[in-house]
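Q: Give me the fold of what follows.
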Amino acid sequence: MTDTPTSAPPPAKLSNDGHLAVVAAFAVAFILFGLAVSGPGAVFSGLGEILFARNTLITDYIGLGGMGAAFVNAGLLTLVVAAIYRQSGTAIGGPAIACLFLVLGFALFGKNLLNVWPIVAGVALYARYKREPFSQHINTAFFGCALAPVFSEILFSTSLPAVATVPLGIVTGLLMGFVLAPAAAQLFKAHMGYSLYNMGFTAGIVGTLIVALYISYGFVPEPVFIWTSGNNLLLGIAMGVAFLALIGAGYWFDRDALRGLLTILRSPGQSPSDFVAIAGSGPVLVNMGISGLVGIAYVLLVGADLNGPVLGAILSIVGFAAYGKHPANFIPVMAGVFLGTIAKPFGAADPSIILAALFGTTLAPIAGRFGWHWGIVAGFVHVSAAQTVGALHGGLNLYNNGFAAGIVASILVPVIIAIRDRKDHPPEAL
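A: Residues are numbered from 1 along each chain as shown. Reported below is the predicted structural model:
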C-alpha cells in the first residue's frame with residue numbers, strides 16, 4: 001500500500017478586516033504620536049497650513065505644519081481611506097496593503113485630507129462609465145493620488161479668485177482620475193512589471209501632459225523645497241518600534257512565519273506578486289517590518305535625515321513588502337544608487353539622492369529576476385534618471401522616482417533579456 005501525496009495547506013491569511021485592522025492600528029498610532037509631540041492646538045493650526053498650501057515636490061509637512069499635524073493628517077487620511085476600502089467590499093491583499101501604506105507615507109508630504117478627492121472621484125466616474133464596481137478600480141484611485149498636488153497648485157498658486165480656481169481644480173482632477181485607469185493598463189506593458197510603481201510611471205506621463213497644457217496658457221508651477229532635519233532620534237525610535245511591532249504581529253499570527261518568509265525571499269517580485277497569496281499574512285507582516293528596519297538603517301548609515309518625505313519613502317518600501325519587495329531584491333538596487341553617487345557632485349545623504357535610494361527600490365524585481373548585479377546596474381542608472389525627469393511634470397507627480405524607474409525598466413529590461421538570450425543561444429560560428 002502506498003501513501004497518496006498530500007498537498008501543502010494554503011497559507012494562513014488574516015481576514016479583510018484583520019488586514020485593515022493592521023493598517024488602522026498604524027494610522028491610530030500616527031494620530032496619537034502627533035498629538036503627543038505637538039498637542040491638539042498646534043495640530044489643529046498645523047493642519048490648516050497643510051490643507052491650504054501648495055504641495056509640489058518637495059513639501060515636507062513636518063516643516064510646513066509641524067510634526068504633530070503631519071502625523072495626524074497621515075493617520076486621519078489613512079483611516080478614511082481604509083473605511084472606504086471596507087465599505088466597497090474590496091479584497092485586502094498585497095496590492096491593497098501596498099496602496100494603503102503608500103497613502104500613509106505620502107500623507108506626510110503631498111497628499112492631504114483635501115487634495116486627493118477629485119482624482120478619486122475621477123476614477124469612480126471611469127468605473128461608472130465602464131459599468132464596473134468601484135472596488136475593481138479602488139487601488140488605481142488611491143495610487144493615482146500621486147497627482148493630488150495638481151489640485152492644490154491650481155487652488156493656491158494663482159491670483160485667480162476661488163470662483164475660478166475651485167471648479168478648474170475639480171475638473172482637472174476628475175479628468176486626470178478618469179484617464180489614469182486605462183493609461184496605467186497600457187503603460188504597464190512597457191516595463192512588464194519590473195517597476196512596481198506602475199502608477200508613478202503613468203502619473204508622470206499624465207502629469208507631463210497636464211503641465212505642458214497649463215504652461216501653454218502661462219501657468220508655470222514654481223519649485224518648492226521644504227525639508228526638515230534634526231529629528232532622527234525621535235523618528236528613528238518611533239518608527240523602529242512600529243516596525244518591530246509588525247514583526248511581532250507576524251510571528252504572533254503565524255508561528256511558522258519564517259518558512260513563509262523564505263518563500264517570499266525566493267520570489268523575484270515581478271508585478272503582480274501578491275505575497276499574501278503566496279506566503280500568507282504572518283510572513284508578509286514580518287517582511288514588512290524587516291524591510292522598514294532596513295530602510296531606516298540605510299538612512300542612518302549614510303547620514304541622511306528622517307523627515308516626512310524620507311518616512312514616506314520608507315513606508316512605501318514597507319507597503320510594497322506585501323507586493324513585490326523584500327530585502328534580497330531591493331538591497332542591490334539601493335547599493336546601485338549609492339555607487340552611482342561616488343563619481344557625481346552630490347552625496348548619498350542629499351535629499352534627492354536618499355529619496356532615489358529608497359523609492360528606487362521599485363526596481364527590485366530586476367534584481368529578483370535577473371540577479372543582484374543587474375539590480376545594482378538598475379540602481380546606478382536610476383539615480384541619474386530621477387534627477388532629471390522632475391522638470392517634465394513640474395514636481396506635480398509625487399511619484400517622481402516611479403516615473404523615472406518606469407523609463408529605466410522599459411529600456412533596461414529588454415537589454416538584459418537580449419544579453420541573456422545571446423548567452424543562452426550563442427550565434428553559430430561563421
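Q: What is the lowest-mean-pLDDT helix or strand in the chain packed up against?
A: Least confident helix or strand, the chain: helix 390-393 with a mean of 77, by mean pLDDT, DSSP states H and E. Using 3 or more C-beta pairs under 8 Å, 6 or more residues apart in numbering; DSSP states H and E as the contact test, the elements touching helix 390-393 are helix 198-215, helix 400-424. Using the backbone N, CA and C atoms, a C-beta is placed for each residue, glycine as well.
Q: Need the winner for burial among those helices.
A: Compared across the helices and strands packed on helix 390-393, helix 198-215 shows the largest average neighbour count, a mean of 23 (mean count of other C-beta atoms under 10 Å).
Q: how about low-confidence regions in this protein?
A: 1-8, 220, 422-430 (pLDDT under 70).
Q: Mind naming the longest helix for it?
A: Criterion DSSP state H: the longest helix present in the chain is helix 162-191.
Q: Pull out the buried residues from that one.
A: For helix 162-191, a neighbour-count test (16 or more other C-beta atoms under 10 Å) marks 165, 168-170, 172-181, 183-184, 187-188, 190-191 as buried.
Q: okay if I get the helices and strands packed on helix 390-393 as JSON lines plus distance to V337?
A: Converted to JSON lines, the helices and strands packed on helix 390-393 look like this (distance: least, C-beta to C-beta, whole Å):
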{"stretch": "helix 198-215", "distance to V337": "16"}
{"stretch": "helix 400-424", "distance to V337": "10"}
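Q: Quick one: closest of the ones you listed to S135.
A: helix 198-215 (17.2 Å; C-beta to C-beta).
Q: Now find how far off-centre that closest one is within its chain.
A: Per C-alpha atoms, centre = their mean, to the nearest Å, the displacement of helix 198-215 from the mean C-alpha position of its chain is 17 Å.
Q: who touches that helix?
A: 140, 143-144, 146-147, 150, 172, 176, 179-180, 183-184, 187-188, 190-191, 195, 220-221, 271, 362, 389, 392-394, 396-407 (C-beta atoms under 8 Å, 6 or more residues apart in numbering).
Q: again, 7 Å this time
A: With contact meaning C-beta atoms under 7 Å, 6 or more residues apart in numbering, helix 198-215 is reached by 143-144, 146-147, 150, 172, 176, 179-180, 183-184, 187-188, 191, 195, 221, 271, 389, 392-394, 396-397, 399, 401-403, 405-406.
Q: Mind listing what's buried along the least confident helix or strand of the chain?
A: For helix 390-393, the neighbour count (16+ other C-beta under 10 Å) marks G390, L392, H393 as buried.
Q: Can you tell me how far the last one is from T208?
A: When you say that, I think you mean H393. 5 Å (C-beta to C-beta, to the nearest Å).
Q: same thing with T140?
A: Distance from T140 to T208, counting by C-beta to C-beta: 19 Å.
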